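*Asks:* only geometry, no sequence info:
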């Protein structure tokens, strides 16, 4: 029973996370875009994200809250995020002829400056 | 109460290294390479204050940018303005006059250069407790580093995978490549992968004493080389001992004189 509860709990948490992410993504697209410059954009919190590029071919497309961001040749990017709201990273690439992708939702607090994040594409 | 930045400055022990390396899967070579690159091998200045770096872009974030205009050297959108060594305490001191807690939180401390705002993640109730521990000895500096790495799974995974460029990026940001940070980590790692090449704790402790007592002019690397030998000879001479090399008597005297 405990195992079942744990599994269900995980599953529900996962579903909730996805729904929350989608809600936020919709909100972003409707104008509440966290990453776009606003009055306090200068005080956004820098974070460091590394995309695992192993075995991927060609260009990899990475977006933050629906807008494309640049990554370096190692798959690294430092971006500044507005604190206390959900942000969505989406990455897509090509591995051996198959499209691979990844999504990462994160909420950053003021104490998360330079926080390391990682994304794997599957 | 004023914040004290200097105490005895106790160097690490073998247990400190072993415990901290456990956070990296027992990988002592990786830990030593991080120490070598972050603080050139030792967590204290000669005056026994921890090695620090004041980060003006973090101070800016923590004070809402209100000091940008009048104090660009202390509060700035761009990282930099570093003076290095003891002069970093001048920058920290000036920032503390503006906002003490934010200044302490905007500074990286000790062997692993853990930022003050990471105090809780690093295992302390607040930045003041963290600094008190950092000032006391390298053991706390190292455990704070291990806690910080453990609390950040992407960083820990990068250590596990020996992905030096990723570690460098996480630690230093986009400039990591220009500063050859990843290459330096890798070179040190390859060197320290041979256990005989790693710093010897007993030699290191001796060097720390000589360093604090102003006999060792070079850095602390845990290797008994010509500069350490010369420092030992100078100490013997200064202490009225007959010419000779390092022995148990000298080690005892050094530790006593240096209060280590």
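*Replies:* Nice, I can see it. On a predicted model such as this, the values are computed, not experimentally measured, just so you know.
*Asks:* so residue B:33 sits in a strand?
*Replies:* No - using DSSP: H, G, I helix; E, B strand; the rest coil, the secondary structure at residue B:33 is helix, not a strand.
*Asks:* for it, what are its contacts?
*Replies:* Taking C-beta atoms under 8 Å, 6 or more residues apart in numbering or on different chains, we find residue B:33 in contact with B:185, B:186, B:188, B:189, B:191, B:192. Where C-beta positions appear, they are placed from N, C-alpha and C, glycine not excepted.
*Asks:* residues in contact with the spatially closest residue to residue B:67 that is not a sequence neighbour?
*Replies:* Nearest in space to residue B:67, with sequence neighbours left out and distances taken as C-beta to C-beta, 6 or more residues apart in numbering or on different chains, is residue B:75 at 3.8 Å. If you count contacts by C-beta under 8 Å, 6+ apart, residue B:75 has them with B:56, B:59, B:60, B:63, B:65, B:66, B:67, B:68, B:95, B:98.
*Asks:* Can you pull the phi/psi pair for residue B:75?
*Replies:* Backbone geometry at residue B:75, expressed as degrees, to the nearest 10, gives phi -140, psi 110.
*Asks:* Report the separation between it and residue B:237.
*Replies:* Counting by C-beta to C-beta, to the nearest Å, the gap between residue B:75 and residue B:237 amounts to 49 Å.
*Asks:* Check residue B:225 too.
*Replies:* Distance of residue B:225 to residue B:237, computed by C-beta to C-beta: 19 Å.
*Asks:* again with residue A:98
*Replies:* Residue A:98 is 72 Å from residue B:237, where distance means C-beta to C-beta.
*Asks:* the more surrounded of the two?
*Replies:* Taking other C-beta atoms under 10 Å in any protein chain shown, residue A:98 and residue B:237 do not tie; residue B:237 has more neighbours (12 against 8).
*Asks:* Chain A: strands as residue ranges?
*Replies:* With DSSP state E as the criterion, chain A has strands at A:45-51, A:56-64, A:67-68, A:76-81, A:86-95, A:98-107, A:115-119.
*Asks:* before we move on, what about chain B?
*Replies:* B:52-54, B:107-109, B:114-115.
*Asks:* Out of those strands, which one sits most buried?
*Replies:* Among the strands of chain B, strand B:107-109 has the highest mean neighbour count (mean count of other C-beta atoms under 10 Å in any protein chain shown), at a mean of 26.
*Asks:* ok, that one: who's next to it in the sheet?
*Replies:* strand B:52-54 (antiparallel), strand B:114-115 (antiparallel) (DSSP bridges).
*Asks:* export the ones you listed to a markdown table and tack on mean pLDDT?
*Replies:* As requested, the strands paired with strand B:107-109 are exported to a markdown table (pLDDT from 0 to 100):
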| stretch | mean pLDDT |
| --- | --- |
| strand B:52-54 | 97 |
| strand B:114-115 | 96 |
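*Asks:* Columns distance to residue B:155 on top of the ones you listed, output as CSV?
*Replies:* Listed next are the strands paired with strand B:107-109 as CSV, based on distance: least, C-beta to C-beta, whole Å:
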stretch, distance to residue B:155
strand B:52-54, 18
strand B:114-115, 12
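*Asks:* can you tell which of these is closest to residue B:175?
*Replies:* Taking C-beta to C-beta, strand B:52-54 is the member of the strands paired with strand B:107-109 nearest to residue B:175, at 13.6 Å.
*Asks:* chain center to that closest one, what's the gap?
*Replies:* In terms of C-alpha atoms, centre = their mean, to the nearest Å, the centre of strand B:52-54 is set 10 Å apart from its chain centre.
*Asks:* and chain A, which of its residues are near chain B?
*Replies:* Taking C-beta under 8 Å from any C-beta of the partner chain as the contact definition, chain A meets chain B at A:42-43, A:45-46, A:48, A:50, A:72, A:74, A:76, A:78, A:110-111, A:113-118.
*Asks:* Which PyMOL command selects the buried ones in those residues?
*Replies:* Under the burial definition 16 or more other C-beta atoms under 10 Å in any protein chain shown, those of the residues of chain A next to chain B that qualify are selected in PyMOL by:
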select buried, chain A and resi 43+45+46+48+50+74+76+78+111+113+114+115+116+117+118
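*Asks:* Give me every residue in the stretch 1-150 of chain B lying close to chain A.
*Replies:* By the criterion of C-beta under 8 Å from any C-beta, the positions of the stretch 1-150 of chain B lying close to chain A are B:57, B:58, B:60, B:61, B:62, B:64, B:65, B:77, B:115, B:117, B:118, B:120.
*Asks:* thought residue B:57 was touching residue B:74?
*Replies:* No - here residue B:57 lies out of contact with residue B:74, judged by C-beta atoms under 8 Å, at a distance of 10.5 Å.
*Asks:* The two - which one has more neighbours?
*Replies:* Neighbours were counted for residue B:57 and for residue B:74 using other C-beta under 10 Å; residue B:74 has more, 24 against 19.
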